[in-house]
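J.: whatever this is, show me its structure:
(chains A, B, C, D, E and F)
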Protein chains: 6
Amino acid sequence: MKRIDGRSFDSLRPMQLVTGYTKYAEGSVLIVCGDTKVLCNASVEENVPPFLRESGTGWVTAEYSMLPRATATRNKRDIQKLKLNTRSAEIQRLIGRALRAAVDLEALGERSITIDCDVIQADGGTRTASITGGFVALGLACQKLVAEGVIERMPLKRYVSAVSVGVVEGECLLDLCYVEDSAAEVDMNIVMTSEGGFVELQGTGEHGTFDRTQLDRLLALGEKGAGELHRLQKKALGGMEF
Amino acid sequence: MKRIDGRSFDSLRPMQLVTGYTKYAEGSVLIVCGDTKVLCNASVEENVPPFLRESGTGWVTAEYSMLPRATATRNKRDIQKLKLNTRSAEIQRLIGRALRAAVDLEALGERSITIDCDVIQADGGTRTASITGGFVALGLACQKLVAEGVIERMPLKRYVSAVSVGVVEGECLLDLCYVEDSAAEVDMNIVMTSEGGFVELQGTGEHGTFDRTQLDRLLALGEKGAGELHRLQKKALGGMEF
Amino acid sequence: MKRIDGRSFDSLRPMQLVTGYTKYAEGSVLIVCGDTKVLCNASVEENVPPFLRESGTGWVTAEYSMLPRATATRNKRDIQKLKLNTRSAEIQRLIGRALRAAVDLEALGERSITIDCDVIQADGGTRTASITGGFVALGLACQKLVAEGVIERMPLKRYVSAVSVGVVEGECLLDLCYVEDSAAEVDMNIVMTSEGGFVELQGTGEHGTFDRTQLDRLLALGEKGAGELHRLQKKALGGMEF
Amino acid sequence: MKRIDGRSFDSLRPMQLVTGYTKYAEGSVLIVCGDTKVLCNASVEENVPPFLRESGTGWVTAEYSMLPRATATRNKRDIQKLKLNTRSAEIQRLIGRALRAAVDLEALGERSITIDCDVIQADGGTRTASITGGFVALGLACQKLVAEGVIERMPLKRYVSAVSVGVVEGECLLDLCYVEDSAAEVDMNIVMTSEGGFVELQGTGEHGTFDRTQLDRLLALGEKGAGELHRLQKKALGGMEF
Amino acid sequence: MKRIDGRSFDSLRPMQLVTGYTKYAEGSVLIVCGDTKVLCNASVEENVPPFLRESGTGWVTAEYSMLPRATATRNKRDIQKLKLNTRSAEIQRLIGRALRAAVDLEALGERSITIDCDVIQADGGTRTASITGGFVALGLACQKLVAEGVIERMPLKRYVSAVSVGVVEGECLLDLCYVEDSAAEVDMNIVMTSEGGFVELQGTGEHGTFDRTQLDRLLALGEKGAGELHRLQKKALGGMEF
Amino acid sequence: MKRIDGRSFDSLRPMQLVTGYTKYAEGSVLIVCGDTKVLCNASVEENVPPFLRESGTGWVTAEYSMLPRATATRNKRDIQKLKLNTRSAEIQRLIGRALRAAVDLEALGERSITIDCDVIQADGGTRTASITGGFVALGLACQKLVAEGVIERMPLKRYVSAVSVGVVEGECLLDLCYVEDSAAEVDMNIVMTSEGGFVELQGTGEHGTFDRTQLDRLLALGEKGAGELHRLQKKALGGMEF
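T.: A predicted model of the protein is given here:
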């Protein structure tokens, strides 16, 4: 099968991590994956949610939103409908869980880091791009906290990246673009650490089901993609090691 | 390891599917899994969401909510906060996707079935119970539509059930109760068809990560649990076959 | 006139008070009145609304909601419309006032008890069932507070129950079911104490008016019904006396 | 007992019905009862709620709101809290039911009349003033519809007015002002037709209960007050008879 | 050009400032400008917004709302739509800025004054009437605070009033009524101090543009109108001078 | 006075209009003014607001929003507070009015163009940048509609741009950055056409007032700035003339 953009089945789209994209955020990254562009800004705040007050422990959370014209047709803003889009709710919970897997919340101390993932342009894979780019924004913010002496030791424990894989016309593919994603029988988002562990696995077969054999192939593709993404993240973070 | 309620690592909790629990819904089931109790009501409505109008195709969707005192401490109602709980949003999207995998939406015709999953009492596994019980409520509603001649052929294509598995203190367990779930290093929800395919796989390692070996063990447990659940569903639906 | 379910004009429907229906609430009761089923859960919280802070005085309040398929056609959830149903608002204010008439708020101390009344199935009389069942849930919670030594003396002062009466085709009837209620010229909800006093009286003649003679007959029916309900409540609360 | 403003136990406060208070509404009345001032505006709209479409039948409904500084301390606007005040919800449902008792909805034809009751200044009895004044606004709007030939016959069937009564320090009083209302053991709102029938009766004993003897005295006071109010309404509506 | 109500191009409509219109507000004014009627109530509260806490400095803010039937057709209440009308949002920000220009917030001390501007009847110029009338309500509240010794010196520094001007059929007019406003090529709201300075200037040419010459003429009209309004305000405030 | 970034009093900041910034919008522009960056996307939709249905006339409207970390401290999203920020409401009304002044709505036909102005980074002047950039996005969308033959003639009538001016430490300055804006005695936004007419003028003196002399100087600066912006807009739109 020839992919729509000529890639091989196990290739990522051209990927860029533009650090310092905006000037105020403690960590700011524009992640570009093909035509998907997500702005990931990390904000440090000196307070924590009620359930952590006086615990000495910090928190990392995420918010995800699409700009109205990130897609082919305009979407009304959430505030016009007075409802957080349920898809956004699902995605931002995933991003938060994925990024917390990288953090030693006690080392962070009683403060919060919020990763705002705003999709400028969507062409598939916005949630995985948000995790991969969001991790770098989080890393920059943590480096800043350490550099300024606010915290003593780096609260990050490992690299975390995410990539989508899927089955399209029976074939397992890495990093689906929107057209592929729409036609996919199976769609899976894989979040992995640089140590090779799975943080989160979300596979869905809305137009079909999948078996153990397919799952194995998809996981292998995911592992390949994650490895490449970890190298890019490392470069963006100045070679930071754990 | 001894489980808190004395079960073996690969046992489901005592499970009941009480059909006809309420009298108005086209399909009504109370699913009881140990101390978890979820009321699943299927409502048929003669209209579809805007994106399906004049398509001849139907829709199946779900809503999930906990009663305020389904848990150890009282939760405020969503309407008091004017926000759909984001956890509920995430869960009801999962239930909807899982159940649609069982349905031939064209055979359903241009009508909707909404599965309301209201948690009366929560002791872990409410989302998987909602899928397993919701499928039976959906089945009852479809049987009624066929019996009344509203639709010609059964729009269900297969059984779909769900079960949770997880890693607790390094051990892989089937069907976690709340205490186990809270302590789990890895938590995974597995949705399977009676044909043995995966519909949805959601594994999370918020307090750890997991590797391929653990994944394989968890999937094997899930397959075992799903098989038992399909037998219970079949019995509740009068032995309906596909 | 023959009533739809064969009862005499002054008979209550078969009535059950299932205590301990859920396991977490401090007091939990399922009240069944014919086909009407309401789950009443009492939750104790160690705080009070702002207007009572540092007053040494407690508070009792209620919330009322119908599950979407408690009725013949599905009702959208409040959160979908972002508005508390105004009928629910009216009813929960009534329940709260009625139950507070039974309580010595100073004896309760600076804590709140919320009675959640969730209608599982509605066949008329859900608001009066909520008061009658809610009182028992409240009683159970208070007994628990006393038994655990949290408060010194029982803050309840008397039994409070409620029943509906109405005029249907010119005849005065006790405890209307939904079909009778829909056809009623006059509908009245009567809340009474075990001492025979009225706590609340709400009579409405949307399809007609009523005169003093009819009012007297309706009140007599209400007194009869309330007496029977107080006996059932007393039994459910282990014969508690004041 | 001497009343705070020197009235006898069975006297109404000075009462005014200022018709034509604003110029756009089809019917506009400022009702003044002592220091309570409510602006009642009736608006005719050529549509009906969904449940009445193509029924040939009209609808009458009410909305009730207090201006922020109608009371001794400022109340936040509902829109600031994004919630309709539950007290307002309860009251506007009462006003709507009371006024519909006066109307032949078929004679009105398929159109709606909304009565907006906005409290300029509150000193007790705002809900009963809203009904009494709202009826006159409704009457003016109906007279206009008949005069302009929009409808053939007057859709009003009778006068409807409302008044509060209550027990204060053991004594039954007519038309409570705020200070009396706050101290009342029993508070009752009585809605009556000019034919002497009860439309709605709402008695509450939050700080006490009441018995049949007290009820009889309160109803007698209510009948006296309603009679006086019907005479004032008739004068404001140019002596209109049924 | 003959104006619709016979006024000359540089005349204000008949103007009234009725002080003490309601009894609870610290300052209460009904401003009447022709058929435009706005109730302006000033409420003093002993707290400030978060950004001013422990600053020793006070705050003045405004809220603006139209009653549903202030206009020719009924407008739904904000709470029905769960959204503050964006026009109201724009206007209340303008009123707040305009009034703060008159106040020494340090002299006010750490307390807030909220000016509620509720439009009873709208015939053009409601936002400028709200400023002019709101200033008087604010003045009355400040006089009360000084008279009661709550604050030492008058926190007002100058008179502030507002008036609309516009270009209609090529002609510059003072104080547009609704019919003129709807037809205006240019509409401008001018807020001025009694010292002749501009506080705020908002000119809009939605159906046209304007040049420097027209601007000069409009400003001259505004200055004339503002002078007259300052004299009326001074009279309403008992001749208060700065 | 030396300006913070070394500009002369009558200089604009370095300005860029990046067209085609995103790929889906009918017109897409990133406007950069110094450190202020606003993404302006124009979306064409084949429907109009209710008040224009079957009028043959189109509509142009705008929405304005800041990304959470466009500023030095993180702002909560509107949807978290369930309220459109009132500042945003005010600004988007201004943008809409300003852009409609450029359009022949009948030539547009019965369709809508929405200009989404999302602030990526804010350093003063975001509302004027939104108008200037939004005009170019609107122009690109109109050119596309004409090129595709959807409409016959260009619905734009003139160039419209906007710039801020202000008085800082007594001196009149063009194009204030955030630091200057915060310290300004007077702040004015000027919207002008390429023909030299004023479309909108909004001057505010929250920390002071201004007189005719200052106004004249500010207008002269605005005219200079607007002229330069019109040249940049023309270049971005391929030299389009009217």
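J.: the strands in chain A, which residues?
T.: Taking DSSP state E as the test, the strands found in chain A are A:15-19, A:27-33, A:36-45, A:59-66, A:112-121, A:160-168, A:171-174, A:186-193, A:198-204.
J.: wait, what's in contact with the most far-flung residue of chain A relative to its centre?
T.: Distance to the chain centre peaks in chain A at residue A:54, reaching 29.7 Å (criterion: C-alpha atoms, centre = their mean). By C-beta atoms under 8 Å, 6 or more residues apart in numbering or on different chains, residue A:54 lies in contact with residue A:110. For the C-beta atoms, the positions are set from N, CA and C on the backbone; glycine is no exception.
J.: what about it, distance to residue A:47?
T.: Separation of residue A:54 from residue A:47 (C-beta to C-beta, to the nearest Å): 12 Å.
J.: shared neighbours, these two?
T.: Among the neighbours of residue A:54, those also in contact with residue A:47 (C-beta under 8 Å, 6+ apart) are residue A:110.
J.: count the residues that sit near the closest residue to chain E within chain A.
T.: Of all residues in chain A, the one sitting closest to chain E is residue A:82 (5.7 Å; C-beta to the nearest C-beta). Residue A:82 has 18 neighbouring residues, counting by other C-beta atoms under 10 Å in any protein chain shown.
J.: pLDDT score for it?
T.: In this model, residue A:82 is scored at 95, pLDDT.
J.: you'd agree it is up against residue E:83?
T.: Yes. Using C-beta atoms under 8 Å, residue A:82 is in contact with residue E:83, at 7.4 Å.
J.: how far off strand A:198-204 does whichever helix in chain A runs longest point, in degrees?
T.: In terms of residue count, the longest helix belonging to chain A (DSSP state H) is helix A:212-236. Here the directions of helix A:212-236 and strand A:198-204 differ by 130 degrees (axes from the mean of the first three to the mean of the last three C-alpha atoms, to 10 degrees).
J.: which strands and helices sit next to helix A:212-236?
T.: With contacts taken as 3 or more C-beta pairs under 8 Å, 6 or more residues apart in numbering or on different chains; DSSP states H and E, helix A:212-236 sits against strand A:15-19, helix A:126-147, strand A:160-168, strand A:171-174, strand A:186-193, helix B:212-236.
J.: is it possible to export the ones you listed to CSV including mean neighbour count?
T.: Converted to CSV, those look like this (neighbours: other C-beta atoms under 10 Å in any protein chain shown):
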stretch, mean neighbour count
strand A:15-19, 17
helix A:126-147, 26
strand A:160-168, 27
strand A:171-174, 21
strand A:186-193, 26
helix B:212-236, 19
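J.: just send these back as a markdown table, with mean pLDDT and distance to residue E:142 too.
T.: Putting the helices and strands packed on helix A:212-236 into a markdown table (pLDDT from 0 to 100; distance: least, C-beta to C-beta, whole Å) gives the following:
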| stretch | mean pLDDT | distance to residue E:142 |
| --- | --- | --- |
| strand A:15-19 | 98 | 54 |
| helix A:126-147 | 98 | 47 |
| strand A:160-168 | 97 | 59 |
| strand A:171-174 | 97 | 70 |
| strand A:186-193 | 97 | 60 |
| helix B:212-236 | 97 | 71 |
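J.: need those in JSON lines with distance to residue A:91, can you?
T.: Shown next, in JSON lines, are these (distance: least, C-beta to C-beta, whole Å):
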{"stretch": "strand A:15-19", "distance to residue A:91": "20"}
{"stretch": "helix A:126-147", "distance to residue A:91": "5"}
{"stretch": "strand A:160-168", "distance to residue A:91": "11"}
{"stretch": "strand A:171-174", "distance to residue A:91": "20"}
{"stretch": "strand A:186-193", "distance to residue A:91": "10"}
{"stretch": "helix B:212-236", "distance to residue A:91": "23"}
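J.: I figured residue A:186 hits residue A:211, correct?
T.: No. At 10.0 Å, residue A:186 does not count as touching residue A:211 under the criterion of C-beta under 8 Å.
J.: who in chain A is up against chain E?
T.: residue A:82 (C-beta under 8 Å from any C-beta of the partner chain).
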